[in-house]
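[1] predicted model and sequence below, questions to follow.
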Amino acid sequence: MDNQLAFPVSCPDEVFKNNPKFGYLLTKLMEKLTPDGRSQHIQKHFELAQQRISQSRHTWLMSAVIYNELSEFLADSEIKYQEGTLSVDERQLKDVLSKAFAFSDVGGQLNILSSGSTVLFGLSPEVIDKYNPVKHNTTDLQQILLPVLENRLRNKSQELYNFFDPNNESLSDHLLVAKSQSLPVLVEQRRQDLVQEIESLKQDRSLRDKQFWMQYQKILESLSIMETIIRQFKLTKQAELDDVTVQLLQAQSEAICLKMRVLQLQILCEAYTLETVKALNKIRGHLDLSIMDTERELASTLQSVQAYLDLGTQFKSLVEQNKQLQQEIENRKWALQQLVKK
């Protein structure tokens, strides 16, 4: 919307469509207010006041430059006077200028109160001007001082221009004076360049700060990843080391078992010599034969017992004999067990 573009109001187009009187209000406000919200009447007076202040500042600055230059000229003349290199005309000019400064300072210090109702020693500016010899010869003094001031200001302008542009030192005075007149443009251009460089440096610094924090964040993330990788690597290597340690302990255990087996075999070899083994084999042979005989007798006895059991309980004598046989079987079993143990 045109009103929205001319007047800084951040509202969507739907607001103006739904509220047409709001757009009309903005139009009326545009007739009374500036885009930044000021009254146009006050803005005009403000701009006029700024122009007056600028003119006054310019006038004061020119007066201050002339005053400072005259002060420096008077100081240089005083130095030359002390050195004895000052001519008669220059000495007269110095004396007149000193009196002019003295009367000017006295005139500025008459009013001791801001109201101006009381003056120092009852003097007034009219009395000061009456006894000021320079006041009556102002035109002649200006004709003498203007070329001097122009020459001094020209030299300072040339020196200042040479400072900003050292490449023009070899130019003639006429060209240098012509170029020194463009000194404000050159200074303003340098100032704009410096402002742009400052903005560029600020942007570079902001970019470096962003890059620094991005790199700092990346470094933290990299350190976290490296810590995780190192931890995993450490755990992996620790697991491998544990496996190797387990295998070593297992091998050591097997070696100890083998040593114990070897020691056992050595003890057996020392305990059972060749002669002992032969004797034991013979004993074992006799025991085996005894076991076989006992087993045959046991089988025969069991058959007899079974036969007696089948006959029944009618024969007491058979029962008694059966008991004796069973007792004998038990004895034979115990003897066999003893033989087996041996």
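    Perfect, I can see it now.

[2] so where's the stretch 151-300 of the chain uncertain?
    Where the stretch 151-300 of the chain drops to pLDDT under 70, the residues are 165-181.

[3] now the strands: where do they sit in it?
    Assigned by DSSP state E, counting those that start in this stretch, the strands in the stretch 151-300 of the chain number zero.

[4] would you map the helices across it?
    Counting by DSSP state H, counting those that start in this stretch, one finds helices in the stretch 151-300 of the chain at the ranges 173-180, 183-271, 274-311.

[5] any idea how far Leu223 is from the most centrally placed residue in the chain?
    Closest residue to the average C-alpha location of the chain: Trp213 at 4.6 Å, with CA atoms, centre = their mean. Trp213 sits 15 Å away from Leu223, taking CB to CB, to the nearest Å as the criterion. (C-beta placed from N, C-alpha, C; glycine too.)

[6] repeat that for Gln338.
    Note on Gln338: its distance to Leu223, by CB to CB, is 81 Å.

[7] over to Lys323?
    The value you get for Lys323 to Leu223, if CB to CB is used, is 96 Å.

[8] what of Leu93?
    80 Å.

[9] repeat that for Thr273.
    Applying CB to CB, the value for Thr273 to Leu223 is 74 Å.

[10] and if you look at Glu69?
    For Glu69 relative to Leu223 (CB to CB), the value is 66 Å.

[11] these two: which has the busier surroundings?
    Remark: of Glu69 and Leu223, Glu69 carries more neighbours, 17 against 10, as counted by other CB atoms under 10 Å.

[12] could you say which helix or strand contains the more buried one?
    For Glu69, the enclosing helix or strand under DSSP states H and E is helix 40-83.

[13] what about that helix, average pLDDT?
    For helix 40-83, mean pLDDT rounds to 86.

[14] who are the packing partners of it?
    Helix 40-83 is packed against helix 88-108, helix 138-164, with contacts defined by 3 or more CB pairs under 8 Å, 6 or more residues apart in numbering; DSSP states H and E.

[15] quick check: buried residues in the longest one?
    Residues of helix 138-164 classed as buried by neighbour count (16 or more other CB atoms under 10 Å): Ile144, Leu145, Leu149, Ser157, Gln158, Tyr161, Asn162.

[16] distance to Gln40 added to those, as JSON lines?
    Output for the buried residues of helix 138-164, formatted as JSON lines (distance: CB to CB, whole Å):
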{"residue": "Ile144", "distance to Gln40": "51"}
{"residue": "Leu145", "distance to Gln40": "47"}
{"residue": "Leu149", "distance to Gln40": "44"}
{"residue": "Ser157", "distance to Gln40": "42"}
{"residue": "Gln158", "distance to Gln40": "47"}
{"residue": "Tyr161", "distance to Gln40": "43"}
{"residue": "Asn162", "distance to Gln40": "48"}
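
[17] tell me the one of these nearest Leu298?
    For the buried residues of helix 138-164, the closest approach to Leu298 (CB to CB) belongs to Asn162, at 143.4 Å.

[18] ok, that closest one to Lys156 distance?
    Asn162 is 11 Å from Lys156, where distance means CB to CB.

[19] and Lys135, by the same measure?
    Relative to Lys156, Lys135 is positioned 29 Å away (CB to CB).

[20] per-residue pLDDT, Gly108?
    What the model reports as pLDDT for Gly108 is 64.

[21] among the helices of the stretch 151-300 of the chain, which is the most enclosed?
    Mean neighbours per residue, mean count of other CB atoms under 10 Å, is largest over the helices of the stretch 151-300 of the chain for helix 173-180, with a mean of 14.

[22] and Tyr131, how many neighbours does it have?
    With other CB under 10 Å as criterion, Tyr131 counts 9.
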